[in-house]
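In: Structure for the following, please:
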Amino acid sequence: MFVIGNFIEALARIVDMGLTLYMWLIIIRALISWVNPDPYNPIVRFLYKVTEPVLYQVRRLIPLRGIGMDFSPIIVILVIVFLQSFLVKTMLQVAVNFR
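Out: Prediction:
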């Protein structure tokens, strides 16, 4: 059973690293949006291609058009922090119980 515990622990760490990386991509995109980025820059295109699907879904679910500020990055970051606090820690505790 220790093999399953080690597998779940490794999976939890990969999920945590992936969520952290995605959170940083969201932060970088938000910071870049404050300036007028070149839409043909490969880095800007990559950031938009990676983050826009999630941000679009949040904007569609929570329409805050009249405010003039896009809160979708903040909402996505809060969801990522929740997943890191709940999902990853739960996976690590399950892994410990399998040992």
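
In: where in this structure is pLDDT low?
Out: 65 (pLDDT under 70).

In: quick one, longest helix in the protein?
Out: When the chain is parsed with DSSP state H, its longest helix is helix 2-33.

In: Check which residues of it are buried.
Out: G5, I8, E9, A12, D16, L19, Y22, M23, I26, R29, A30 (16 or more other C-beta atoms under 10 Å). (Each C-beta comes from the backbone N, C-alpha and C, glycine too.)

In: and of those residues, the nearest to F82?
Out: Closest approach between the buried residues of helix 2-33 and F82, by C-beta to C-beta: L19, at 10.0 Å.

In: contact partners of stretch 69-79?
Out: Stretch 69-79 is contacted by residues M23, I26, I27, R29, A30, S33, V54, L55, V58, R59, I62, L64 when judged by C-beta atoms under 8 Å, 6 or more residues apart in numbering.

In: Now with 6 Å, please.
Out: Residues from elsewhere that reach stretch 69-79, judged by C-beta atoms under 6 Å, 6 or more residues apart in numbering: M23, I26, A30, V54, L55, V58, R59, L64.

In: Ok, stretch 13-23 next?
Out: I77, I80, L83, Q84, V88.

In: Using CSV, write out every CA atom in it.
Out: Presented in CSV, the C-alpha positions along stretch 13-23 are these (Å, rounded to 0.1, in the frame of the first residue of the first chain):
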residue,chain,number,x,y,z
ARG,A,13,3.1,17.8,-5.4
ILE,A,14,2.7,17.9,-9.2
VAL,A,15,-0.8,19.4,-8.9
ASP,A,16,0.6,22.0,-6.4
MET,A,17,3.4,23.0,-8.7
GLY,A,18,1.1,23.2,-11.7
LEU,A,19,-1.3,25.4,-9.7
THR,A,20,1.5,27.7,-8.5
LEU,A,21,2.8,28.0,-12.1
TYR,A,22,-0.6,28.9,-13.4
MET,A,23,-1.1,31.4,-10.6
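
In: Determine how far that stretch lies from the middle of the whole chain.
Out: Distance, stretch centre to chain centre, for stretch 13-23: 7 Å (C-alpha atoms, centre = their mean, to the nearest Å).
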